[in-house]
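>>> what shape does this take:
(4 chains)
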Protein chains: 2
Amino acid sequence: MTDGSTLAPRDFESLRSLIIERRGALPRRLAQVAKYALDHPDEIAFGTAASIANAADVQPSTLVRFAHQLGYEGFSDLQKVFQERLRDRTTSYEDRLKALKTIGEDQAEEAALLDGFLSAAQRSLQDFSASIDPGTLSRAVNILARADTIYLVAKRRSYPLIAHMAYAFGKLRIRNRLIASPNGIDPEISGMARKGDAALAISFSPYAADSINQAQTMADAGVPVVAITDSAFSPLAACSTEWLEIAEADYAGFRSLSASMALCMTLPVAIADARQRLGLEY
Amino acid sequence: MTDGSTLAPRDFESLRSLIIERRGALPRRLAQVAKYALDHPDEIAFGTAASIANAADVQPSTLVRFAHQLGYEGFSDLQKVFQERLRDRTTSYEDRLKALKTIGEDQAEEAALLDGFLSAAQRSLQDFSASIDPGTLSRAVNILARADTIYLVAKRRSYPLIAHMAYAFGKLRIRNRLIASPNGIDPEISGMARKGDAALAISFSPYAADSINQAQTMADAGVPVVAITDSAFSPLAACSTEWLEIAEADYAGFRSLSASMALCMTLPVAIADARQRLGLEY
DNA sequence: TCCATTGTGGAATATTTATTTCATTTGTGC
DNA sequence: GCACAAATGAAATAAATATTCCACAATGGA
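Here you go, the predicted structure:
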């Protein structure tokens, strides 16, 4: 049954090549399945043998034969490859891994790590790009564009993000106040926010208590809070006026910041744009 | 079983809202499933009741109850909604642009900006991944791994990067000193570096004079300097022992930080690894 | 503190789904 | 046109997966 000489590909791209290569030599029904599989990979990933067989106008048993022909244990085994493709619809791991093999032992260690972080970053970008809701983003920008002063809250892991925003806001001449005092007066600073201002808070699990407190303080004072966080159940989402969700991929125990960073670059520019459009100048 | 008053949502977004809305009123295990479902939608789409139950640390029957609670006929019915979400997930640029066209005028503005920053980030990652030299990276890690204290230099645009490194080094218990004093004693701090220490400096064009000076000071004191910069002609490259080149793509006047950030995540982990491998403990 | 109600784990059951088997058909070389 | 091998369809079987059921635990009100 299984074609001993050929190992079944475990990634979609190799499988694709294999199918294209074999296609000509395949009997009628199997060729029909081959065509269908390449034309409707999503169907293969989600469908059942019966539903796919029906859609491709063959018998379920033909699907199993097709899988065997390519060296898989069965149809389910083949199907997994199609599913993987959707799971990490992102980076072609192969190219990367192949590249890694060509360099020396000792160097490979570091390169592999870098690779891990690069692909986590890539994954984050892709996921975020697919999940962002333009309406929420638009409303968030609108809130911040109308603020007199924007108070910036983020600690620990999120701090680099807000540090960048403080920089960008500065360059764009947008009045802002970073709540990160070396002398411990953060609560007092957040206490200065008043109606007409707005706050931008960033916090990911495990949420820094200080961030939550400061955001809450400002929310209580009637200051609209825009939050960037990683879950609908984040305490930050609870006290915010609008919140943007980002789920970053992680690697080696550190979560990527790339998607968040892209968002943090967007906001200042979008706010500056909105102000110009609305004729708001501060 | 089925809650007659509520119709089960047939699209992911509605379902998502429904889950968020109901979450508070749900019993413990069901709430646990709710959280897991929103945090790992892909798992729900592809997994089996058993595998998901295991991952979410509940019983399969709980999944069925959860589905019933929301008005579905069973878990499989609920799962379909999660699958649909992936089926028509648009990933290609064209689809994305189409999507942009279908959303409102005002919202498109912000979405387009975000899209620009996201793709600049992606480009940076790709370019960097292709251009990095594993040998240089390896040597840089080696220098830093042997340092007693690592002095960190970066201002302005590069500051978020070094801020992250200070965080990561801290978590990994790697002694470091961030040269960013609120009271203006940066020159004095960089003067403290001595043989046995090392410096890590980041600067991109236009190079901040302070960064260059401080790096130079330490280099003069015989401290090895690892630099991250954007050109072979950077003044930072001139005074460094090893330097890593990163050319970030830019958009709307702001350069991406994603590739640099990935590198900045890699270094601390790589250094910690190298120390363990070499038996160096500080 | 007790009872009633709701929630939960785990095993039993039902259902769906993949796989194998086998009789029949189709194609190919002689 | 015959014999043989390969391919195919359809049904039987095996495996997997979802669902239900029930005993027990936790919770909240009297």
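
>>> what's the helix or strand for the spatially closest residue to A:Pro235 that is not a sequence neighbour?
Nearest non-adjacent residue to A:Pro235, counting by Cβ to Cβ, 6 or more residues apart in numbering or on different chains: A:Ile212, 5.0 Å away. C-beta here means a position set from N, CA and C on the backbone, and glycine is covered the same way. Assigned by DSSP states H and E, A:Ile212 falls within helix A:209-220.

>>> does the one residue in the stretch 151-282 of chain A that gets nearest to DNA strand D count as helix, strand or coil?
Of all residues in the stretch 151-282 of chain A, A:Phe233 sits closest to DNA strand D, at 19.4 Å by Cβ to the nearest atom of the strand. The three-state assignment at A:Phe233 reads coil, by DSSP: H, G, I helix; E, B strand; the rest coil.

>>> I'd like to know how many residues surround it.
Neighbour count for A:Phe233, taken as other Cβ atoms under 10 Å in any protein chain shown: 17.

>>> which residue sits closest to it, ignoring its sequence neighbours?
B:Lys35 (6.1 Å).

>>> what about the one you found, helix or strand, and which?
Per DSSP H and E: helix B:28-39 holds B:Lys35.

>>> now swap in A:Arg177 and tell me
Going by DSSP H and E, A:Arg177 is in strand A:176-178.

>>> who does the next helix or strand after that strand touch, helix- and strand-wise?
Sequence-wise, the next helix or strand downstream of strand A:176-178 (DSSP H and E) is helix A:186-191. Applying 3 or more Cβ pairs under 8 Å, 6 or more residues apart in numbering or on different chains; DSSP states H and E, we find helix A:186-191 packed against strand A:150-153, helix A:209-220.

>>> redo that, cut-off 6 Å
helix A:209-220 (3 or more Cβ pairs under 6 Å, 6 or more residues apart in numbering or on different chains; DSSP states H and E).

>>> can you pull the contacts of A:Tyr36?
Listed by Cβ atoms under 6 Å, 6 or more residues apart in numbering or on different chains, the contact set of A:Tyr36 reads A:Ala56.

>>> and the gap between it and A:Ser61?
A:Tyr36 sits 15 Å away from A:Ser61 when distances are taken as Cβ to Cβ, to the nearest Å.

>>> confirm A:Ile44 sits in a helix?
Yes. With three-state DSSP as the criterion, A:Ile44 is assigned to a helix.

>>> got a pLDDT number for it?
Per-residue pLDDT puts A:Ile44 at 90.

>>> residues contacting it?
Taking Cβ under 6 Å, 6+ apart, we find A:Ile44 in contact with A:Ala37, A:Phe82.

>>> with A:Lys155 instead?
So A:Lys155 contacts A:Ala208, A:Asp210, A:Ser211 (Cβ under 6 Å, 6+ apart).

>>> equivalent analysis for A:Asn142, please.
Applying Cβ under 6 Å, 6+ apart to A:Asn142 gives no contacts.

>>> just give me how far the helix or strand encompassing it sits from the chain centre.
Taking DSSP H and E as the definition, A:Asn142 sits inside helix A:134-145. Taking Cα atoms, centre = their mean, to the nearest Å, one finds helix A:134-145 lying 20 Å from the centre of the chain it belongs to.

>>> stretch A:165-183 now?
On Cα atoms, centre = their mean, the centre of stretch A:165-183 falls 26 Å from that of its chain.

>>> so for it, mean pLDDT?
Stretch A:165-183 comes out at a mean pLDDT of 94.

>>> circling back: count of residues packed around the residue nearest to A:Pro235?
A:Ile212, neighbours per other Cβ under 10 Å, totals 20.

>>> and if you look at A:Ala53?
A:Ala53 - counted by other Cβ under 10 Å - has 20 other residues nearby.

>>> per-residue pLDDT, A:Ile103?
So A:Ile103 comes in at 49 (pLDDT).

>>> which other residues reach stretch A:264-272?
Stretch A:264-272 is contacted from outside by A:141, A:144-145, A:161, A:164-165, A:168-169, A:172, B:110, B:113-114, B:117, B:252, B:254, using Cβ under 6 Å, 6+ apart.

>>> and the residues you listed, which are buried?
Burial by neighbour count, 16 or more other Cβ atoms under 10 Å in any protein chain shown: within the contacts of stretch A:264-272 this picks out A:141, A:144-145, A:161, A:164-165, A:168-169, A:172, B:110, B:113-114, B:117, B:254.

>>> ok, these vs B:Val225, which is closest?
The closest of the buried ones among the contacts of stretch A:264-272 to B:Val225 turns out to be A:His164 (Cβ to Cβ; 24.2 Å).

>>> just give the closest residue to that closest one, not the sequence neighbours.
A:His164 sits nearest to B:Pro160 (Cβ to Cβ, 6+ apart), 4.3 Å away.

>>> could you list the contact residues of the stretch 101-250 of chain A toward chain B?
With Cβ under 6 Å from any Cβ of the partner chain as the criterion, the stretch 101-250 of chain A meets chain B at residues A:103, A:107, A:110-111, A:113-114, A:117-118, A:121-122, A:125, A:129-130, A:134-135, A:137-138, A:141, A:159-160, A:163-164, A:182, A:232.

>>> show me where the stretch 1-150 of chain A has helices.
Using DSSP state H, counting those that start in this stretch, the helices assigned to the stretch 1-150 of chain A run over residues A:12-23, A:28-39, A:41-46, A:49-56, A:60-69, A:75-87, A:93-101, A:105-131, A:134-145.
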